[in-house]
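Chemist: Requesting a structural model of the entry that follows:
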Amino acid sequence: MISTVMISAVLDACILYSAVLRGLLLHLGSNELFRPFWSPEIQDEWTRNLFQNRPDLKWENIERTCRRMDAHFPNGLVRGYETITPTLTLPDMNDRHVLAVAIYTEAKYIVTTNINDFPNEVLQPYKIEAVSPEKFVLQLIQHNPKRVLEAVRDHRLGLTRPPKTVDEYLATLEEQGLAKTVAFLRIHENDI
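Modeler: Model prediction:
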């Protein structure tokens, strides 16, 4: 259970890569449900992979997204963690920088779809937990359902290319693995 103190979470590249997850989590952060963090390395990883996998997207638009994120969350882009990285060991050594950012910022969570890359026995001494986006959002719902609904509504209404009906929006979230979150949101369809 998330405490009443605003918690913080590092958003892994796999989360920021997905426009839907990125948008949802950043709206939750904008509504002060948590403080999101990322690093230049995380930004580089998701943008590089997105551009490589989606040649239809313009690099300038991807860069603009990063600039907007950094401007909207002035403390979101983290530097200064780099000396911690080489001291860490993870199954995928390329993920050490993500844990280093979490340690440096004293984040409680790493939100990722790659849970196995962040074993509990490595994270536990730092009091950090790797969680899926589903688990993270459900914890935020448990803590403050009204504010989550407001953030979800803001996110959905902000989608204009193309706009999404409630059903279309919920289907998109479900495709991202947020089935339990969608079940909660369906109960409150009129609020989103």
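
Chemist: any idea whether residue 130 is helix, strand or coil?
Modeler: Secondary structure state of residue 130, per DSSP: H, G, I helix; E, B strand; the rest coil, is strand.

Chemist: Nearest residue to it in space, please, no chain neighbours.
Modeler: Nearest residue to residue 130, sequence neighbours excluded (Cβ to Cβ, 6 or more residues apart in numbering): residue 118, at 3.6 Å. C-beta here means a position set from N, CA and C on the backbone, and glycine is covered the same way.

Chemist: What count of nearby residues applies to the one you found?
Modeler: When counting by other Cβ atoms under 10 Å, one arrives at 22 neighbours for residue 118.

Chemist: Is it correct that it is in contact with residue 112?
Modeler: Yes - between residue 118 and residue 112 there is a contact under Cβ atoms under 8 Å: 6.6 Å.

Chemist: so what sits against both of the two?
Modeler: Jointly contacting residue 118 and residue 112 under the rule Cβ atoms under 8 Å, 6 or more residues apart in numbering are 98, 130.

Chemist: Report the separation between residue 28 and residue 119.
Modeler: Look at residue 28 and residue 119: by Cβ to Cβ, to the nearest Å, they are 26 Å apart.

Chemist: okay, the two: which has more neighbours?
Modeler: residue 28 (25 against 13).

Chemist: mind checking the SS state of that one?
Modeler: helix.
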